[in-house]
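Student: next come a sequence and a model predicted from it.
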Amino acid sequence: MSLRARIFIAVIAAVSIVVMGGSAWLWDRSGAYGFNVILRRGGTYWISVKANDPRLSPAMQLSLTNPEPVATAGQVIWREVEKGFEVAELPVMVGGHEIDTILLNRIDPMLYRFVARNASAGDRGIDEWEKAVPQAVLIVNGSYYDHKGEPDTPILSDGVPMGPADYDAKAGAFVSGEGFADIKGLSAQSWQTAFQGATNAMVSYPLLLGAGGQTHVPVKSRWLANRTFVAKDNDGRVIIGTTKEAFFSLTGLADFLKDSPLNLKVALNFDGGPIACQSVRLTGFQRKFYARWEAQVEVDEVRLLRWPLGSASWAMPMVLTVERRTDG
């Protein structure tokens, strides 16, 4: 065998060892979810940018100005598309201009059921979830997940417990069952107690609005992202919203919701960023939104989340679906 052939074989062997070793490490760390992250969007990384970098959206650039701008709510007009299911868009106004929009859904829990779902393989974005759950009239991202795409907080999915059994929750839980849905604060009760009587539930954080409609975000931050929240108004209806932009920090979103015309009693944050997608499929009304934004902000340092395959939609390991009740 020639020297060139031996070198070629040695290089192939070395590359194979590196690939196999890397694959084994990735599988051990992230399982199928990690492989699908690579296949779906080429991986994920953070880049450092200035607060006025054009790679940030205009809404994010405005949010990062000093002093921090204060947003107010524009006019919201609800439209009942099906009995017990209303949709609307709430303008987020700064200086007389609409800088963000919250895609809203207002739902009667007596007529619709809520289901917590997990797809840990990381092979379902909003499009795949639509195919997997054709009966769902609303799909949004849910609570948090770990490196393997499994629930990072306790959940209950059609009566099946998932996620960590030992978990110290102090924020809130969305719970639903036969003809009811609610958000339970967990500062004075355990999540196990909150789950009692529910068939579907998700622990999440932070609690944006709690007792008396007051904000409950424990730490002020300017971390920006597309946001999804679930809330309950003073008339007992469930409101689920997703921001089209990433203007809000968690603190800013809580303050905005407190002063908004939504008449909220309590509100709970779900996971945010590029997974904060929303699909609505009602008779006579369709909405599909793909999220995009997330930026870590520490004082003057801004780190923007990026991925190589920019047109790829994100997988959503955790979702909450809303479905028509079929029990009469």
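Tutor: All right, it came through fine. Model, not experiment: these values are computed from the prediction.
Student: how about the helices of the chain, start to end?
Tutor: In order along the chain, the chain carries the following helices (DSSP state H): 3-41, 58-63, 126-132, 191-195, 250-259.
Student: let me see the mean pLDDT of the longest one.
Tutor: Which is helix 3-41. The average pLDDT for helix 3-41 rounds to 56.
Student: stretch 273-287 too?
Tutor: In this model, stretch 273-287 has an average pLDDT of 97.
Student: ok, stretch 319-328 next?
Tutor: For stretch 319-328, mean pLDDT is 88.
Student: now do stretch 260-268
Tutor: Stretch 260-268 shows a mean pLDDT of 96.
Student: and the end-to-end length of that stretch?
Tutor: For stretch 260-268, the first and last residues are 15 Å from each other (C-alpha to C-alpha, to the nearest Å).
Student: residues in contact with it?
Tutor: 73, 76, 90, 104, 171-174, 183, 185, 204-205, 207-210, 213, 229-235, 239, 254, 257-258 (C-beta atoms under 8 Å, 6 or more residues apart in numbering). C-betas here are computed from N, CA, C, even on glycine.
Student: out of the residues you listed, which are buried?
Tutor: Restricting those to buried positions leaves 73, 90, 104, 171-174, 183, 185, 204-205, 207-210, 229-232, 239, 254, 257, with burial counted as 16 or more other C-beta atoms under 10 Å.
Student: who's Pro151 bridged to?
Tutor: For Pro151, the residues forming beta bridges with it (DSSP bridges) are Tyr145.
Student: what about it, neighbour count?
Tutor: In terms of burial, Pro151 registers 24 neighbours under the definition other C-beta atoms under 10 Å.
Student: quick one: it and Met318 touch, right?
Tutor: Yes. Between Pro151 and Met318 there is a contact under C-beta atoms under 8 Å: 6.4 Å.
Student: stretch 108-124: which residues count as buried?
Tutor: Under the neighbour-count criterion of 16+ other C-beta under 10 Å, stretch 108-124 has 108-109, 112-120, 122-124 buried.
Student: equivalent analysis for stretch 62-70, please.
Tutor: Of the residues in stretch 62-70, those buried under the neighbour-count criterion (16+ other C-beta under 10 Å) are 62-64.
Student: same deal with stretch 95-102?
Tutor: The neighbour-count criterion (16+ other C-beta under 10 Å) identifies 99-102 as the buried residues of stretch 95-102.
Student: what's the answer for stretch 315-323, then?
Tutor: Within stretch 315-323, the residues that qualify as buried by neighbour count (16+ other C-beta under 10 Å) are 315-323.
Student: centre of the chain to that stretch, how far?
Tutor: The gap between where stretch 315-323 is centred and where its chain is centred comes out at 9 Å by C-alpha atoms, centre = their mean, to the nearest Å.
Student: I figured His147 hits Thr44, correct?
Tutor: No. With contact taken as C-beta under 8 Å, His147 and Thr44 are classed as non-touching, separated by 11.9 Å.
Student: among the contacts of stretch 260-268, which are located in strands?
Tutor: Per DSSP state E, strands hold the following members of the contacts of stretch 260-268: 73, 90, 104, 172-174, 183, 185, 204, 207-209, 229-233, 239.
Student: report how many residues lie close to the closest residue to Leu282 other than its chain neighbours.
Tutor: The shortest distance from Leu282 to any non-neighbouring residue, by C-beta to C-beta, 6 or more residues apart in numbering, is to Val81 (4.6 Å). The local packing of Val81 (other C-beta under 10 Å) involves 17 other residues.
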